[in-house]
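> I would like the atomic coordinates for the input below:
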Amino acid sequence: MGHSSLEKIIALQRNPENIRNLCILAHVDHGKTTLADCLVASNGIISSRLAGKLRYLDSREDEQLRGITMKSSAISLHFTQGEKEYLVNLIDSPGHVDFSSEVSTAVRLCDGAIVVVDAVEGVCPQTQVVLRQAWLENIRPVLVINKIDRLIIELKLTSQEAYAHLQKILEQVNAVTGTLFTSKVLEERAEKDSEEKESDLSGDQVYDWSAGLEEADDSNLYFSPDQGNVVFASAIDGWGFSIQQFAQIYSQRMGIRAEVLLKTLWGDFYLNAKAKKIMKGAQAKGKKPLFVQLVLDNIWSLYDAVVTRRDKEKVEKVVTSLGVKVMARDTRHSDPKVLLSAICSQWLPVSQAVLSMVCEKLPSPLDMAAERVEKLMSVGARRFDSLPEETQELKKAFLQCSSQENAPVIIFVSKMFAVDTKALPQPLTQEEIAQRRELARQRHADRMAADQSAADLAKYDSTTQDGQTAKQEENSKSLTVKEPKPEEDEQQKETFIAFARVYSGVVKRGQRVFVLGPKYDPAQGLSMVNTQGCTATDSVPEVPHLSCCTMGNLYLLMGRELEELEEVPCGNVLGIGGLEEYVLKSATLSTSPACPPFTPLNFEATPIVRVAIEPKHPSEMPKLVRGMRLLNQADPCAEVLIQETGEHVLVTAGEVHLQRCLDDLRDRFAKIEISASKPIIPFRETVIRPPKVDMVNEEMGKQQKVAIIHQVNEPRHEQIQEISHVDPSGLVTLTTPNRLATVSIRAIPLPEEVTRLLDGSLELIRTLEQVNMSLREGRSLDISTRTLEAIEGLKAKLEGLLQGRKWRNAVDRIWAFGPRRYGPNLLLNNVDSYQRPSVWQCLFKGNKPSKPAPQAALRDFDNSIISGFQLATLSGPMCEEPLMGVCFSVERWDIQASTPLQQQDSVEEDSISHESSEDSRAEGGSEMDEQGEGPAAGPNQAKRRPEAGPADCYGPVSGQLIAATKEACRQAFQAQPQRLMAAMYTCDIMATAEVLGRVYGVLGKREGRVLHEEMKEGTDMFIIKAVLPVAESFGFADEIRKRTSGLASPQLVFSHWEVISSDPYWVPTTEEEYLHFGEKADSANQALKIHERRPPP
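Reported below is the predicted structural model:
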């Protein structure tokens, strides 16, 4: 197919029925970009000979050098099948785990996906990840099994063995899909059961043991060649086929109906030559399956003739029988792959097979599932039914995908990407053309004058005069070069383009739209904004999380190039300029304020690697700040922080991602020389139960002490020794400096299972906190049934895990989670005289709980205790890192009632925590004014304030209580055995048997731990699964590749936090420890080594 014109693509954009938005997903190095090259070559954009070598969609220099894709790139292709013409918006995505955030941005904009699997390596870790991402976004996948040529050339399998191998790969992929489907069915069944329990609380109930899997329809779920959603290919050799193609070929030759062949070409069927029938039971009777006999044998014989034997006579016969034309230079070429590619690309063009499958099997924008629309529009705990009516009506706009004038415009921006301003298409006016022509003439005249002066200088014999004139000439040249430099700098600025999709309406250049922030509430927006459109800009600033902007230029994304458009109808992927001031990373745009923000993207990678960055020359700090701001906007996963020390910190997903970000900062965004620190390793701090054995595995308490235990905590906090007390059980009692409040806090280690549960439920805990905040403020919030069930499930799991006397009723006494109100630490209320509202109060609303909700009210300064706990858990005492797996139990909290306090204390408290004043109003407490008196305090409340007295010289009580709570938590933490927790990577390595020992050697050297290894069936590859500390991971991939000569390559994904068993502050105290470790005890203490490696806070 020839190159399609821009006018043709614009015309195709107006027919959403024939539009296909899809992305290519796969593990790293499985052939995504090579396959994309073949599809791009089918449109004549690049030569078919360069397909697989050019890697057209890898437009970055470092992508070409490393040979991996680092960012998602889109291109629009034209495909004709029969009488129908299709527009295929193709997005190529990375496969490396460090760039999985780019996959998330691509998947959100698509309706379908091509999942590519290497025929040798099979299903790899990242293959499972991309299948899960496609499942979570409700997009339909099709399968391409790529690199089948490796089965012939590398593994040297026979066609029969290759068939068995391909069957296993299909089973592996379907097993992953089946697992995802099963989990969804079981969730739906659980919801249905809970609804039935609510509706039928009386009468005899018969329990249904079935899980619902029998009734569920999974016929279209799995990949099967006879369903037409699998293509077998070798993209590097330019060939690919589906079962349908061979069914059509052989139905003409053999006189068998194509429908029969389609059902029997894949499976346990064989051709009975005598009876001239297709029969079942090929494996049992030792016959060749039909797929091997009619399909694979032909491909194997072609490779044998062209590549292995180079039999010219046989090649000529094959070429003649296939009816293809091969150029003479291809037959004479020294590389047999050139001839092979020339034959295969005409016989079985991969682009034809893949694009036919895409157009037949993947949905158009008109076929978007209602379930996906509701999922996109329901943010957090909100039910779709609870959204305003105007918002629910927008669902029709999604499903209709209408391009009419009155249809609301709805756009989702999944990421912002930077483009050099010079690369943008810039239509020029006549005046600009005349100015540029005049400027070119002037430059030409200056160049001619300079050449003339150089010729005149050659006539002079005097070297001194010659040197002087040369210097003058150099000075004049430098002046002429330096003059336009500011203009060049302006031209070299990066411009941000929004990578977006139109879900409804028609987008036009210069159109005014609302930008909806992630916390925007459509109900609130509808009540405050004039619904007639964006013209009423005066009312926009009053609405929280809502702004108004004008659309800049609209672009058609064509890989490395951009084409300017006037308007884009719905269902298309596009680029939008002019949004850099309004959109940071992703956003929802709409002309209707009733539109809710879309659910946030699902990022698989966690930013974990941090480096501090500074400019080589301090005067260039403003350029660095600007460059880091641009980098933060251009990368969906990178984070930019400024620490308390003033350091600028860059947080990335891994080592390769870090290197790319540093290169971008140096070469594109800041354009200055920078120096980056060694990676700052993140840790967590925790406490453990007192160990029963010492460092030499002797039972504690039975050895003779020969040294005094060093009390690390004694010299510190001298200024508050008089007002703090630590008892032998670890209970810390601390009084504020003004003697008005006293708190007693104990630190208790949480069980490991509870810590893991809390760490995995952070989003749910954040939702729970948002719901509780709404209830405290008196706002009603309709919560979805699924969210309520998830919260109830979390509570039940905590109750099941927190067993024993010391954890009795602990779940009901949870005061707060931390840090940031949703972390893996607990604050427990064990104050006898204080019954506060439960954090689970949303479960009591609308349900009949097993226990009635206690009638409780908040004390004054309740939020001061919470704020102190949040600060304490945010930075621990060991190395100022967040705490993890620690429970702080508040066992005493007294406030003096007779000391005068000022009204400004209340104001200060309000500024610290927004909920404080609202809480006191909600419980019916009266606000204090300058002349009023507080009401008498109840038995379960701190006493209210009396008349305002003289200024308190110690400052606000709330502030002192926050500081006291924080300090008490820190001291309680230090009173227990302290440990560091290291961040751990899960490491997946594929290696051959020859290099297995070297892989184990590198893992052992870097303190890695092998979990298990297994051999991939049908190959000589081993899959090793290990865990590796993040602190030891830098340079690990390079070392593995060097030691194994490139035969093993690791994939590192952040997994969990693991307690380092050794105490960083340990010193020998017993005779046995002295004998084993020596007086200095300077042998390797892993925790101390890691602790000292950290930069000072």
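> thought residue 817 was touching residue 840?
No - using Cβ atoms under 8 Å, residue 817 is not in contact with residue 840, being 11.9 Å away. To be clear about C-beta, it is placed using only N, CA and C from the backbone, and glycine gets the same treatment.
> neighbour count for these two, which is higher?
residue 817 (25 against 20; other Cβ atoms under 10 Å).
> kindly state the beta-bridge partners for that one.
Beta-bridge partners for residue 817, by DSSP bridges, are residue 826.
> how much space separates it from residue 516?
28 Å (Cβ to Cβ, to the nearest Å).
> how about residue 742?
Residue 742 is 48 Å from residue 516, by Cβ to Cβ.
> neighbour count for the two, which is higher?
Each of residue 742 and residue 516 has its neighbours counted (other Cβ under 10 Å); residue 516 has more, 25 against 18.
> in the stretch 651-800 of the chain, where is pLDDT below threshold?
Residues of the stretch 651-800 of the chain that meet the criterion pLDDT under 70 lie in 692-723, 780-782.
> show me where it has helices.
655-664, 752-760, 762-776, 785-801 (DSSP state H, counting those that start in this stretch).
> how about the stretch 801-950 of the chain?
With DSSP H, counting those that start in this stretch as the criterion, the stretch 801-950 of the chain has helices spanning 841-844, 862-874, 903-912, 915-922.
> for residue 112, which non-adjacent residue is closest in space?
residue 362 (3.2 Å; Cβ to Cβ, 6 or more residues apart in numbering).
> need the contact list for the one you found.
20, 22, 111-112, 140, 142 (Cβ atoms under 8 Å, 6 or more residues apart in numbering).
> ok, residue 1053 next?
So residue 1053 contacts 97, 125, 604-605, 985-986, 988 (Cβ under 8 Å, 6+ apart).
> what does residue 567 give?
Per Cβ under 8 Å, 6+ apart, neighbours of residue 567: 506-509, 554.
> do residue 271 as well
Taking Cβ under 8 Å, 6+ apart, one finds 277-279, 290, 293-294 in contact with residue 271.
> in strands only, show me those.
277-279 (DSSP state E).
> ok but residue 442 is inside a helix, no?
Yes - counting by DSSP: H, G, I helix; E, B strand; the rest coil, residue 442 is found in a helix.
> now do the longest strand anywhere in the chain, average pLDDT.
Longest strand of the chain, by residue count under DSSP E: strand 978-992. Here strand 978-992 scores 90 as its mean pLDDT.
> do stretch 1064-1084 as well
Rounded mean pLDDT across stretch 1064-1084 is 66.
> and if you look at stretch 297-315?
In the prediction, stretch 297-315 has an average pLDDT of 90.
> which residues sit against it?
148-149, 152-153, 158-159, 162, 288, 318, 331, 336-337, 339-340, 343-344.
> now it: how far from the chain's centre is it?
46 Å (Cα atoms, centre = their mean, to the nearest Å).
> what sits against the nearest residue to residue 528 once chain neighbours are set aside?
Among residues not flanking residue 528 along the chain, residue 543 sits closest, at 4.9 Å (Cβ to Cβ, 6+ apart). Counting by Cβ under 8 Å, 6+ apart, residue 543 makes contact with 520, 524-525, 528-529, 593.
> what's the separation between residue 425 and residue 554?
Residue 425 is 11 Å from residue 554, by Cβ to Cβ.
> can you check residue 333 too?
45 Å.
> more neighbours: which of the two?
residue 554 (25 against 13).
> which residues does the more buried one form a beta bridge with?
residue 565, residue 576.
> can you list the domains in the chain?
If you go by the TED database, the domain ranges for the chain are 1-189+221-238+349-365, 244-348, 609-680, 743-844+856-896+955-975, 981-1093.
> make CSV from those and add distance to residue 571 to it.
Formatted as CSV, the domains of the chain follow (distance: least, Cβ to Cβ, whole Å):
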stretch, distance to residue 571
domain 1-189+221-238+349-365, 3
domain 244-348, 27
domain 609-680, 23
domain 743-844+856-896+955-975, 28
domain 981-1093, 34
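> looking at those domains, which is nearest to residue 558?
domain 1-189+221-238+349-365 (5.5 Å; Cβ to Cβ).
> which other helices and strands contact the lengthiest helix in the chain?
Within the chain, and with DSSP state H defining each element, the longest helix by residue count is helix 159-199. Secondary-structure packing of helix 159-199 (3 or more Cβ pairs under 8 Å, 6 or more residues apart in numbering; DSSP states H and E): strand 112-118, helix 125-136, strand 140-146, helix 149-153, helix 297-303, helix 785-801.
> any chance of the ones you listed in CSV, plus mean neighbour count and distance to residue 812?
Below are the helices and strands packed on helix 159-199 laid out as CSV (neighbours: other Cβ atoms under 10 Å; distance: least, Cβ to Cβ, whole Å):
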stretch, mean neighbour count, distance to residue 812
strand 112-118, 25, 45
helix 125-136, 20, 34
strand 140-146, 23, 45
helix 149-153, 20, 60
helix 297-303, 18, 67
helix 785-801, 16, 9
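> who wins for proximity to residue 438 among these?
Closest among those, once you apply Cβ to Cβ, is strand 112-118, at 51.2 Å.
> what angle do that closest one and helix 159-199 make?
140 degrees (axes from the mean of the first three to the mean of the last three Cα atoms, to 10 degrees).
> what is strand 112-118 packed up against?
strand 19-26, helix 32-41, helix 125-136, strand 140-146, helix 159-199, helix 350-361.
> how far out from the middle of the chain is that strand?
On Cα atoms, centre = their mean, the centre of strand 112-118 falls 19 Å from that of its chain.
> residues contacting it, please?
For strand 112-118, using Cβ under 8 Å, 6+ apart, the contacting residues are 20-27, 29-32, 35, 107, 123-124, 127, 130-131, 134, 139-147, 150, 169, 173, 354, 358, 361-363.
> what do you get if the cut-off is 7 Å, keeping everything else the same?
The contact list for strand 112-118, computed with Cβ atoms under 7 Å, 6 or more residues apart in numbering, reads 20, 22-26, 30-32, 35, 107, 123, 127, 130-131, 134, 139-147, 169, 173, 354, 358, 362-363.
> how about the CA coordinates for it, as PDB?
These are the backbone C-alpha positions of strand 112-118, laid out as PDB (Å, rounded to 0.1, in the frame of the first residue of the first chain):
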ATOM      1  CA  GLY A 112      -7.500  -3.000  22.000                       C
ATOM      2  CA  ALA A 113      -3.900  -4.300  22.300                       C
ATOM      3  CA  ILE A 114      -1.500  -6.500  20.400                       C
ATOM      4  CA  VAL A 115       0.300  -8.700  22.900                       C
ATOM      5  CA  VAL A 116       3.600  -9.900  21.400                       C
ATOM      6  CA  VAL A 117       5.200 -13.100  22.900                       C
ATOM      7  CA  ASP A 118       8.600 -14.400  22.000                       C
END
